[in-house]
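# Output the structure for:
(2 chains)
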Amino acid sequence: MAMPQLSHSRRRFMTDTARMACGCAVAGLGLGYVASDARALPADALRPPGALPETDFLSACIRCGLCARDCPFDTLKLADLGEEGLATGTPYFTARKVPCEMCDDIPCVAACPTGALDPTLEDIDDARMGTAVLVDQENCLNFHGLRCDVCYRVCPSIDVAISLKASHDERSGHHAIFAPTVHADHCTGCGLCEKSCVLPEAAIKVLPVRLARGEAADHYRRGWEEKEANGAPLVEGLIDLPDRLPGPGTDNLAAPGGFEPAFKVPGGSQ
Amino acid sequence: MSVETHLPVGFEALEEKGWIGSRRFLLLRRASQLLFLALFLTGPLFDLWITKGTLAGSMTFDILPLTDPFVATQSVVAGHWPSATALLGALIVVAAYALLGGRSYCSWVCPVNPVTDAAHWMHRRLDLPKGWQPKRSTRLWLVAIALVVSLITGTIAWEAINPVTIVHRGLVFGLASAWIVAAAVFLFDLFVARRGWCGHLCPVGAFYGLIGKAALVRVSAANRDACDNCMDCYAVCPEKQVISPALKGAPGSSPIILAGDCTNCGGCIDVCAQDVFSFTHRFDERIVEPSPQSAPEQSAARKIHKECSQ
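Next up, the predicted model:
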């Protein structure tokens, strides 16, 4: 009878196919898990200058280490197998250990053979490796009224990416607080401030931009900027209504005796 | 296996050709593997920069870029078109291995090869069972899986676990994982699957095998009529399925080992006391005519000396 043989080979074909398909599915799921597990970069791991956004970077970086080799300050390290959140072999640096010294010729970008570090980055000031954030005002010495200023002094873009903003020191009553203030539009995320912070644990830290920054909605407009760009109010013939003022009798319409309004409504009753 | 049933593998070659002669290509391969590692290591060790980078991508003397074509392919599938340097590097590597035999990479360059060779040596010494033997085609499926996962996750998927680049990167950049991964591959090959990693699973080797399918440099069993069936070539060959078509082919068939799986390691040349095998090019179909006086003495009929036993 031919039937048993036919069914035998068919049976064998089916088991082989099922085995192969299931094996592939299991192996693929495992590999997929391992490969995608490394997509959430830890907050203290910064990519080199010009690195593409993380999802693009992971498809572009072949993990050759040429950027790390050409880094003259040994800033860049390669992630070892099993380092949390970091794709094996990809370059990163930890600002508190060795920050980026912002070389003018950007040798790491020049060394990248694939374009994972964007070759169109020509001015290191345009790099956005992260954004410095003064994360701990309660421990920052300047916020205690001292003139530590170290983060401000070491910044390669001093007075542009970070400035000292003076305000009245309520505690002493007659001093000033010089608050280190980061201007994120100009901060490259090099990490010199974090590296230099004199505290045992830095009060200023470079975070990945996604963690450091909020984002305004596209349709938001700042009236004063629009007015300046336009050279005149955008809407003609606006009337200015009376302002509420501080102090006793804050509503000067209902309770005269507060402050004299700086501006009087033209033709108003008062 | 009882020692009385056969001579130790390589015994006849050792008798005929001496210690060096019966290990010529093995010694050359070890030298080559060391050389390729040394090219990367003189920089970090002695500040003499010859080759920078890793086997995934490198730059030699600031002029010669090389890129692993499997890594480059995954990158393209994951959605990134590499810059000219990386593409040129991949093309150079593909061209070189298309000539030299794709899996020459495995036996002459790859840092995992000494590890799995050591595991196989130990395996033979301990006379362990061969263990799990998945089909040789499994590695091709792993190539496909790596590409599909790269496509879906948008990352260069195999590089997450690739022992070849992890071991090499670890050695060159001083990362601890090199030793852990090398030990894992060694133990896998020793206890789980004989010749398991390089011979059945590694998709990097499989990809190079595809590149070298029509390679110019090949081993030929040109002197196959002198074969005395000692089977030593089958014992040392890491891809034994490639031998038979050339060695035992019907009269008139090609003596060239044409299979892309052949790693051009030269093990069969070393181990053969009858000098059946030799390196040549794939179009060299010459067969040495048997001379009546050198008719092979059949191995099975040969008297086994007492001192041969291990």
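# Leaving out the residues flanking it, which one is nearest to B:Gly209?
Of all residues not flanking B:Gly209 in the chain, B:Gly260 sits nearest, at 4.3 Å (C-beta to C-beta, 6 or more residues apart in numbering or on different chains). In short, each C-beta sits where N, CA and C put it, glycine included.
# Could you verify my assumption that the one you found touches B:Tyr105?
No. B:Gly260 lies out of contact with B:Tyr105 (C-beta atoms under 8 Å); the separation is 12.0 Å.
# Show me where the chain has its strands.
Using chain A. A:77-78, A:91-92, A:131-134, A:162-169, A:175-182, A:204-207 (DSSP state E).
# That was the other one, I meant chain B.
B:51-54, B:57-60, B:64-67, B:217-220, B:278-281.
# and these, which is most packed in?
strand B:51-54 (a mean of 26; mean count of other C-beta atoms under 10 Å in any protein chain shown).
# how about that one, does it reach chain A?
Yes. Strand B:51-54 comes into contact with chain A (C-beta under 8 Å from any C-beta of the partner chain), by way of B:Lys52, B:Gly53, B:Thr54.
# residues contacting the second one?
Just to be clear, that refers to B:Gly53. A:Cys64, A:Gly65, A:Leu66, A:Arg69, B:Phe40, B:Met59 (C-beta atoms under 8 Å, 6 or more residues apart in numbering or on different chains).
# give me that answer again for 10 Å
By C-beta atoms under 10 Å, 6 or more residues apart in numbering or on different chains, the residues touching B:Gly53 are A:62-70, A:111, A:113, B:40, B:43, B:59-60, B:65-67, B:89, B:168-169, B:172-173.
# Next one: it relative to B:Leu66, how far apart?
As judged by C-beta to C-beta, to the nearest Å, B:Gly53 and B:Leu66 stand 8 Å apart.
# what do these two both touch?
A:Cys64, A:Pro113, B:Met59, B:Thr60, B:Gly89.
# who does the residue of the stretch 1-150 of chain B found nearest chain A bridge with?
Closest residue of the stretch 1-150 of chain B to chain A, C-beta to the nearest C-beta: B:Gly57 (3.1 Å). Note on B:Gly57: beta-bridge partners B:Thr54, B:Thr67, judged by DSSP bridges.
# pretty sure it is in contact with B:Phe70, am I right?
No. In this structure B:Gly57 lies outside contact range of B:Phe70 using C-beta atoms under 10 Å: 11.7 Å.
# what is in contact with these two at once?
B:Ala90, B:Val93, B:Thr165.
# How about the contacts made by the first one?
With contacts taken as C-beta under 10 Å, 6+ apart, B:Ala90 has the following neighbours: A:62, A:113, B:57, B:65-73, B:75-76, B:82.
# Show me which residues of the stretch 201-310 of chain B are close to chain A?
B:Leu201 (C-beta under 10 Å from any C-beta of the partner chain).
# For chain A, what's its nearest residue on the stretch 201-310 of chain B.
B:Leu201 (9.7 Å).
# how about the CA coordinates for stretch B:75-95, as PDB?
Provided in PDB are the C-alpha atoms of stretch B:75-95 (Å, rounded to 0.1, in the frame of the first residue of the first chain):
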ATOM      1  CA  SER B  75      21.900  48.500   8.800                       C
ATOM      2  CA  VAL B  76      20.300  49.000   5.400                       C
ATOM      3  CA  VAL B  77      17.400  46.700   6.200                       C
ATOM      4  CA  ALA B  78      16.900  48.600   9.500                       C
ATOM      5  CA  GLY B  79      16.500  51.800   7.500                       C
ATOM      6  CA  HIS B  80      19.800  53.600   7.300                       C
ATOM      7  CA  TRP B  81      21.800  54.000   4.100                       C
ATOM      8  CA  PRO B  82      25.400  54.100   5.200                       C
ATOM      9  CA  SER B  83      27.800  56.800   4.100                       C
ATOM     10  CA  ALA B  84      30.200  56.200   1.200                       C
ATOM     11  CA  THR B  85      33.100  55.200   3.500                       C
ATOM     12  CA  ALA B  86      31.100  52.300   5.100                       C
ATOM     13  CA  LEU B  87      29.700  51.200   1.700                       C
ATOM     14  CA  LEU B  88      33.100  51.200   0.100                       C
ATOM     15  CA  GLY B  89      34.400  49.200   3.000                       C
ATOM     16  CA  ALA B  90      31.700  46.600   2.600                       C
ATOM     17  CA  LEU B  91      32.300  46.400  -1.200                       C
ATOM     18  CA  ILE B  92      36.000  45.800  -0.600                       C
ATOM     19  CA  VAL B  93      35.300  43.000   1.900                       C
ATOM     20  CA  VAL B  94      32.700  41.400  -0.400                       C
ATOM     21  CA  ALA B  95      35.100  41.500  -3.400                       C
END
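# What's the biggest helix in chain B, counting residues?
helix B:24-46 (DSSP state H).
# Same question for that one: list its buried residues.
Buried residues in helix B:24-46, counted by 16 or more other C-beta atoms under 10 Å in any protein chain shown: B:Phe25, B:Leu26, B:Arg29, B:Gln33, B:Phe36, B:Leu37, B:Leu39, B:Phe40, B:Leu41, B:Gly43.
# which residues does the residue of chain A found nearest chain B contact?
Of the residues in chain A, the one nearest chain B is A:Cys64, at a distance of 3.1 Å by C-beta to the nearest C-beta. For A:Cys64, the contacting residues are A:78, A:89, A:91, A:111-114, A:116, B:52-59, B:65-68, B:71, B:86, B:89, B:165, B:169, by C-beta under 10 Å, 6+ apart.
# Then A:Ala79?
A:38, A:41-42, A:45, A:63, A:85-92, B:169, B:175, B:177.
# ok, it to A:Glu225 distance?
Relative to A:Glu225, and taking C-beta to C-beta, A:Ala79 is found at 42 Å.
# A:Val209 now?
Counting by C-beta to C-beta, the gap from A:Val209 to A:Glu225 is 23 Å.
# Share the number of residues neighbouring A:Cys22, please.
With neighbours defined by other C-beta atoms under 10 Å in any protein chain shown, the count for A:Cys22 comes to 10.
# Enumerate the residues of the stretch 51-200 of chain A near chain B.
A:52, A:55-70, A:77-83, A:87-90, A:111-119.
# Which of those residues fall within helices?
Members of these lying in helices (criterion: DSSP H): A:Thr55, A:Asp56, A:Phe57, A:Leu58, A:Ser59, A:Ala60, A:Leu66, A:Cys67, A:Ala68, A:Arg69, A:Asp70, A:Ala111.
# ok, of these, which come out buried?
The neighbour count (16+ other C-beta under 10 Å) marks A:Asp56, A:Phe57, A:Leu58, A:Ser59, A:Ala60, A:Leu66, A:Cys67, A:Ala68, A:Arg69, A:Asp70, A:Ala111 as buried among those.
# Model confidence score at the fifth one, please.
The confidence metric pLDDT takes the value 93 at A:Ala60.
# before we move on, what about the last one?
At A:Ala111 the predicted local distance difference test score is 93.
# how close does it sit to B:Thr165?
A:Ala111 is 18 Å from B:Thr165, by C-beta to C-beta.
# One more: the second one?
Shown here: A:Phe57 relative to B:Thr165, a distance of 17 Å by C-beta to C-beta.
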